[in-house]
Each structure stands twice: as structure tokens, then as C-alpha cells.
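Trainee: I would like the atomic coordinates for the input below:
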Amino acid sequence: PTEDLGMAYFCRDSFFANCNLSLYELVWDANQKEYVRGNTIIDNAKSIDKTCAVEIGGGPYWNAWKKKSQMVQPIKALVKLPYLFRNIGKRRRNKKA
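Mentor: Numbering: from 1, shown residues only. So this is what the prediction gives:
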């Protein structure tokens with residue numbers, strides 16, 4: 001639904017789809033002056049059943065999205081845990097050296 005067109009359909013959504021996911025780290029390439037694909041983190045992980053939500057075109061999303069998200073506690077603290085442990089390990093190794 002839109003403000004101007006009311007309940008007119010723009011997007012076609014489905015909750016019945018296959019999902020293949022690949023995730024790569026981004027590395028800054030000084031020669032190209034842009035981020036390029038780095039090491040593979042997840043390679044072609046597939047959903048076991050067809051429970052993937054997809055949007056297959058249409059509007060009203062004609063412009064780029066720029067949004068800011070906020071994470072609430074305790075999720076925010078849980079997301080930071082791996083980085084905190086990694087930094088603690090680095091500090092310990094640096095003190096021993």
C-alpha cells in the first residue's frame with residue numbers, strides 16, 4: 001500500500017523459495033580504490049527446506065534505501081562477544097612478547 005495509490009500491489013513476495021548463501025569478507029584494494037571480495041566465510045550454504053522469504057520485483061522501492069539500525073540489549077552485547085574475546089587474546093599475546 002502507498003500513500004498515493006492506496007492498496008495497489010507493487011511488490012510480489014513469496015515465503016516459498018530455495019536459498020543459497022555465500023558470504024565473503026571485503027578487503028580494500030588500494031590499486032582499484034574499492035573493496036574487493038576477499039576470503040570466503042560461507043560458501044554456497046543451502047536451505048534444507050523451502051522456507052526462504054524473497055521479493056521478486058516491483059516498487060515502490062524506486063530509490064536507494066539509507067537507513068540506520070539500532071540494536072537493543074542483550075542482543076548488542078552478544079554480537080560483540082566474539083570480538084571482545086579476540087581482542088583479549090591479542091592483548092595477552094602482546095604482553096607475553
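Trainee: Could you pick out the longest strand of the chain?
Mentor: When the chain is scanned for its longest strand (criterion: DSSP state E), the result is strand 34-46.
Trainee: Contacts only, for residue 93.
Mentor: For residue 93, the contact set (Cβ atoms under 8 Å, 6 or more residues apart in numbering) is empty. All C-beta spots, glycine's among them, are computed from the backbone N, C-alpha and C.
Trainee: And it, how close does it get to residue 87?
Mentor: Residue 93 sits 11 Å away from residue 87, taking Cβ to Cβ, to the nearest Å as the criterion.
Trainee: again with residue 78
Mentor: 16 Å.
Trainee: what about the protein, any weak spots by pLDDT?
Mentor: 1-3, 5-12, 56-69, 97 (pLDDT under 70).
Trainee: Spell out for me which residue occupies the centre of it.
Mentor: residue 23 (8.9 Å; Cα atoms, centre = their mean).
Trainee: Am I right that that one is in contact with residue 44?
Mentor: No: the pair residue 23 / residue 44 is not scored as a contact, 10.1 Å apart, by Cβ atoms under 8 Å.
Trainee: show me where the protein has strands.
Mentor: 13-14, 20-29, 34-46, 54-55.
Trainee: Could I get the full set of helices for this structure?
Mentor: 75-96 (DSSP state H).
Trainee: The residue nearest to the centre of the chain pairs with what?
Mentor: Assessed by DSSP bridges, residue 23 has beta-bridge partners residue 42.
Trainee: Quick one: residues contacting it.
Mentor: Per Cβ under 8 Å, 6+ apart, neighbours of residue 23: 40-42.
Trainee: now with 10 Å?
Mentor: Residue 23 makes contact with 40-43, 45 under the criterion Cβ atoms under 10 Å, 6 or more residues apart in numbering.
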